[in-house]
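Undergrad: Give me the fold of what follows.
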Amino acid sequence: MSDVDGKLGAMLAPPPEQAPKQAPEQTAPTKDVRTRALRRWLKPVALVALGASALVAMDPAGIRERLFGSVAPPRPAAVSRIAGAWSTTQTRRTVPVQSTMLRSQPWWQSLGTLQGNGSAVAPALSIDDGATQWRLRWSCDRGGLVVRMAARQRPLLDAGCPAHGDAYASKKGLVRLEVQATGPWRLEAQQDVDLPLDEPPPPEVTQPGTVVTASGAFFRLDQVSEGRATVYRLPTGQSLLRLQDFYVSPNTDLEVRLSPLAAPRSTDEFFSAPSVRVSPLDITAGSMNLPVPDTVDPSRYRSVVIWCERLHSAYAAASLTPGR
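TA: As a prediction, the model looks like this:
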């Protein structure tokens, strides 16, 4: 055979057989079942962990502090609604209180009141480091009123009189104010704090003739709450409601109401019966005394309810059991 015939035969010859391709390896059915089962188990665990993480991050009732401690230093609770930094008859109270990480809805604590006629230099005003801001609630009768912080050119307030209003600032520590006026004026300083109020019971509750008419522990309705409510009838005939070791989820526009229901279990149930307002609730943590209005007879009601008018929500309640 010639070389040409050999090459032509090679070109026409059928291609050699190729090895058949192997089918891809199939995943074992048991492996898929196990994977799906594991995912179904991990999903609720992850949701629970996420919820717990969010709960601790929000730190209701100081849960994070109680479990893990805190990097931020604890601060002592306030012992009075009046710090008394300005008044000559009111001094800062030195009653020892336990330091706490628990926080309240921010509230305005009075630092005292000054009044005068004409220009004056006010005594130093001490603003707590933990205060978010402070304000002057001012009024004047005639002429003009200008108040400046020492070493600052721009006045804190500059008004014609008669007038009244609020002036806000954020400087912390010692603040010195210079007053320029041509007539009578009045200034009340207040600082915005989120401290619990650890208010002691008033002396009247230990006097002969004082009676505990009802008390009960708070329970949750729409929000977290704890503590105890106690109703006193004082020798004067006036009633006093004391909230002891109290906490409720912070918010604005909260109020304390008395309900004829023994144990309301929802907002709708609470709202189905007429209730009466005792007091606004600007402080949401601590122990505090709330005078009951003379027009309200607590013996006609069977529970204390924390109500949020803005959200139309019953936050918490305490059933009132007669006596202790």
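Undergrad: which residues touch the residue nearest to Pro293 when sequence neighbours are not counted?
TA: Spatial nearest neighbour of Pro293, chain neighbours left out: Val278 (7.0 Å); criterion: CB to CB, 6 or more residues apart in numbering. Every C-beta, even on glycine, is put in place using the N, C-alpha and C of the backbone. Contacts for Val278 (CB atoms under 8 Å, 6 or more residues apart in numbering) come out as 241, 255-258, 290, 292-293, 296, 304.
Undergrad: what's the most distant pair in those?
TA: Based on CB to CB, the longest span within the contacts of Val278 runs between Pro293 and Val304 and measures 14.3 Å.
Undergrad: Among these two, which residue is more densely surrounded?
TA: Ranked by neighbour count (other CB atoms under 10 Å), Pro293 and Val304 place Val304 first, with 28 against 13.
Undergrad: Show me where the stretch 1-150 of the chain dips below the pLDDT cut-off.
TA: Across the stretch 1-150 of the chain, residues meeting the criterion (pLDDT under 70) sit at 1-72, 87-97.
Undergrad: Drop anything exposed from the contacts of Val278.
TA: By neighbour count, with 16 or more other CB atoms under 10 Å, these hold 241, 255-258, 290, 292, 304 as buried.
Undergrad: Which of these fall in strands?
TA: Counting by DSSP state E, the buried ones among the contacts of Val278 place 241, 255-258, 290, 304 in strands.
Undergrad: export the residues you listed to CSV and tack on distance to Arg135 and pLDDT?
TA: Converted to CSV, those look like this (distance: CB to CB, whole Å; pLDDT from 0 to 100):
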residue, distance to Arg135, pLDDT
Leu241, 29, 98
Glu255, 23, 98
Val256, 25, 98
Arg257, 29, 98
Leu258, 32, 98
Leu290, 24, 98
Val304, 31, 98
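Undergrad: what helix or strand does the residue nearest to Pro293 sit in?
TA: Using DSSP states H and E, Val278 sits in strand 276-280.
Undergrad: Domain map for the chain?
TA: 75-193, 199-322 (automatic domain parsing).
Undergrad: the helices in the stretch 151-300 of the chain, which residues?
TA: Secondary structure of the stretch 151-300 of the chain by DSSP state H, counting those that start in this stretch: the helices cover 267-271.
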